[in-house]
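Q: Just need the structure, nothing else, for what follows:
(chains A, B and C)
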Amino acid sequence: MSAAAVVERRDRASTRLLARVDTPLPRRARSELLAEIDASGLTGRGGAGFPTARKLAAVAKARRPLVVANGTEGEPASWKDKVLLSENPHLVVDGAVVAARIVGAREIVFAVGRANRTVRTRLAHALNARSDGFEVGIQTVPERFVAGEESALLHHLEGGPAKPTIGRPYERGVLVQNVETLANLGLVARYGSDWFRERGTAEEPGTVLVTVLGAVRRPGVAEVELGTPIRDVLQRFGGLSALPHALLIGGYFGTWVRAHDVLDLPLANAALKPLGASLGARTIVVLPHDACGLRESARVARYLADESAGQCGPCVFGIPAMADALERLDVERLRRLAPQVTGRGACAHPTGATRFVASAVDVFADEIRRHRQGRCCGANHDPVLPLGASRDWR
Amino acid sequence: MTMKIRVNPILCDGYGQCAELLPEVIELDEWGYPIVPRGPIAAGLEPAAQRAVKMCPRLALSLERAA
Amino acid sequence: MRSLTNADWYLIRGTGVVTLILFTLVVGLGIATTKRWRLPRLPRFVTLGLHRNLSLLAVVFLGVHIVTSMLDSYAHVGIAQIFLPVGTTRYGAFLGLGALSFDLMLAVVVTSLLRHRIGHRLWKSVHWLAYVSWPVALAHAAGIGTDSHAGWFVDTAVACTALVGAAVAWRVFELRRPYPKYLGAAS
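A: Got it, this is the predicted structure:
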């Protein structure tokens, strides 16, 4: 995948997040900025969708606030944060500076995955070229699936393993914000909330970075307006390269949906909700007809089991049990396991894994029947869903 | 005044003492970890709930009161 | 000044031995709790409950043991010597071991009573001192010379050592967190 992270630049004039900004960041009063961000309706772009203004307000109350720009991106199928940091690091830094001014922090830490040197180099270069008056630094994080979760990230920055903890960072005066969210902050601070709301839908305003992989001609990352029909989104990536069977929306915590159910829907949570799906971190993987959705899902389920932080019983035992049951196509067992696993961990890992597996069993029901009859139509296809490789926690 | 039982899943190590002391509302999953109800528990169960909280070898249980 | 009476003398030694036996059981029950062991046909919380209650009973016996040793004019143990291995008595270093064992045990008991206030990690790290306190107590009992050669004492000391040794071996044998063992142990 690393060579294929293509940035869609065709719509140069209308791109927001990937356009280099030439004007200096305006200085505005904290309360005015906070009100502007609140009015914009900006929500976290890391996958959880938490209202940004609320987080900022909570951290602003702390005695010694800290801003952490989260570019970890532990999801193997997502590349948007790496692309954003490599292509437009200054906008991310702008946003981090705006956030730091709002909450009254003196220090900003930029967290990125350990393996990607390009991101680190470009970001370091950008930071060296500016002097905003804050203590800035880059910290690298092991590429584990849960390492980018905000409490896990903070745990690692404080010297521990990159494993989630009880309690939210913003309750302890630390603002952990996804880099795309920060980039949007930088834009709202410059151009205002009305400008921000010109794109997208009323309930889901703005533009987002989307990673699309699988059966498209040009897999990669592009900036898309929320509410764009999914078929048109795929066109930005060169269109489909094969007949699509299903789409995995929202990464490995997301859900499978049948291609014909979703291609004509707009890219928005409101439209996806009836299908039991949500955008998450906006990763879309297109599974072609000649690949086996069950095999892909079983591989990912096993990966999710291995990525458990090992802290909570239902996750440590439940996810491997689900991976086993999926490999055996034991649908009954999966049905019994689901309520024992979902929602019973310190973080969303067991919940996301349960959702992923349940959607696979639902969407690939026909495949399950075929496999039981001894037939598999996608046995020889190359793996479509990428997995991570790191085994470190520190 | 309602009362809820909370379990810290990181501290919890599946000892299962809570399920023995408060079987009315706490069940164990197939791996020995407690499934605690999400909603409030009956006020009459408060003494037993306190005992369960005190006995937990990992201090993983807590009681939350809300008006 | 009270003169030596047989009653005091027997009380000091008797409560001392009972304390040793009780703490032996307490160590065994503590390890049994981590192993999710249950007394036959009884719920698991009984194991933990006994561990706690017997330890409080042992503290009571230890209290009597200490107080009578101070009151007894033959033993001549002063208040400082209860807590610190200082001063000279006819018992030398072995009395100091008793003081050390007492200090460690006090830390364990006090932190256990305040468990909910100090949090799991601090409580756990102090609790490990019990593994030091017990052998030091045994050394105090064996070396203090009052009954070291008596048959009944030697038998008791050997039995207690065997029990603690077996329990510790059981603990060490599966020192990594015993997760897989409890799969399906939902009853």
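
Q: which SS class is A:A100?
A: Following DSSP: H, G, I helix; E, B strand; the rest coil, A:A100 is assigned to helix.

Q: In the sheet, which residues pair with the closest residue to it other than its chain neighbours? Tell me.
A: With sequence-adjacent residues excluded and distances taken as CB to CB, 6 or more residues apart in numbering or on different chains, A:A100 is closest to A:V67, at 4.7 Å. Where C-beta positions appear, they are placed from N, C-alpha and C, glycine not excepted. Following DSSP bridges, A:V67 is listed with bridge partners A:I108, A:L175.

Q: so what's A:V67 up against?
A: A:96, A:99-100, A:103, A:105, A:107-109, A:174-175, A:177 (CB atoms under 8 Å, 6 or more residues apart in numbering or on different chains).

Q: rerun at 7 Å
A: A:96, A:99-100, A:103, A:105, A:108, A:175 (CB atoms under 7 Å, 6 or more residues apart in numbering or on different chains).

Q: Next: A:L275.
A: Here A:L275 is in contact with A:257, A:261-262 (CB under 7 Å, 6+ apart).

Q: who wins for neighbours among those?
A: Tallying neighbours with other CB atoms under 10 Å in any protein chain shown puts A:V257 at the head of the contacts of A:L275, with 24 neighbours.

Q: So that one, which state does it fall into?
A: Under three-state DSSP, A:V257 comes out as strand.

Q: what's the single longest helix in chain B?
A: Longest helix in chain B by number of residues (criterion: DSSP state H): helix B:46-55.

Q: by contact count, what packs against that one?
A: With contacts taken as 3 or more CB pairs under 7 Å, 6 or more residues apart in numbering or on different chains; DSSP states H and E, helix B:46-55 sits against helix B:17-21, strand B:61-66.

Q: buried residues in the last one?
A: This points to strand B:61-66. The neighbour-count check on strand B:61-66 (16 or more other CB atoms under 10 Å in any protein chain shown) flags B:L61 as buried.

Q: Say whether chain C is contacted by it.
A: No - Strand B:61-66 does not reach chain C (CB under 7 Å from any CB of the partner chain); its nearest approach is 9.2 Å.

Q: pLDDT of that strand, averaged?
A: Mean pLDDT, strand B:61-66: 92.

Q: List the neighbours of it that are in contact with it.
A: B:1-7, B:18, B:49, B:52-53.

Q: Quick one, which of the residues you listed are buried?
A: B:3-5, B:7, B:18, B:49, B:52-53.

Q: any idea which helix or strand carries the spatially most central residue of chain C?
A: Centroid check for chain C by CA atoms, centre = their mean gives C:F23 as the closest residue, at 3.4 Å. Using DSSP states H and E, the element containing C:F23 is helix C:6-34.

Q: Just list what that helix packs against, helices and strands only.
A: Packed next to helix C:6-34, using 3+ CB pairs under 7 Å, 6+ apart, are helix C:44-71, helix C:130-143, helix C:151-173.

Q: pLDDT-wise, which helix or strand of chain C ranks last?
A: The least trusted helix or strand in chain C, going by mean pLDDT, DSSP states H and E, turns out to be helix C:79-83, with a mean of 88.

Q: Closest to chain B out of the contacts of A:L275?
A: Set against chain B, the nearest of those by CB to the nearest CB is A:V257 (28.2 Å).

Q: For that closest one, give the beta-bridge partners.
A: Beta-bridge partners, per DSSP bridges, of A:V257: A:L247.

Q: Look up how far B:P9 lies from whatever residue of the stretch 51-200 of chain A ends up closest to chain B.
A: Nearest residue of the stretch 51-200 of chain A to chain B: A:I166, at 5.8 Å (CB to the nearest CB). Counting by CB to CB, to the nearest Å, the gap from A:I166 to B:P9 is 8 Å.

Q: And A:D22, by the same measure?
A: The gap separating A:D22 from B:P9 is 49 Å, by CB to CB.

Q: These two: which has the busier surroundings?
A: The neighbour count for A:D22 versus B:P9, taken as other CB under 10 Å, is higher for B:P9 (21 against 6).

Q: that older thread, could I get the helices and strands packed on helix C:6-34 in CSV, plus columns for mean pLDDT?
A: Listed next are the helices and strands packed on helix C:6-34 as CSV, based on pLDDT from 0 to 100:
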stretch, mean pLDDT
helix C:44-71, 94
helix C:130-143, 94
helix C:151-173, 93
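
Q: Now tell me what touches the helix or strand harbouring A:R54 from outside.
A: Taking DSSP H and E as the criterion, A:R54 maps to helix A:52-60. For helix A:52-60, contacts defined as CB under 7 Å, 6+ apart pick out A:34, A:37-38, A:42-44, A:65, A:99, A:102-104, A:170, A:173-175, A:181, A:185.

Q: now it: how far from the chain's centre is it?
A: Between the centre of helix A:52-60 and the centre of its chain there are 20 Å (CA atoms, centre = their mean, to the nearest Å).
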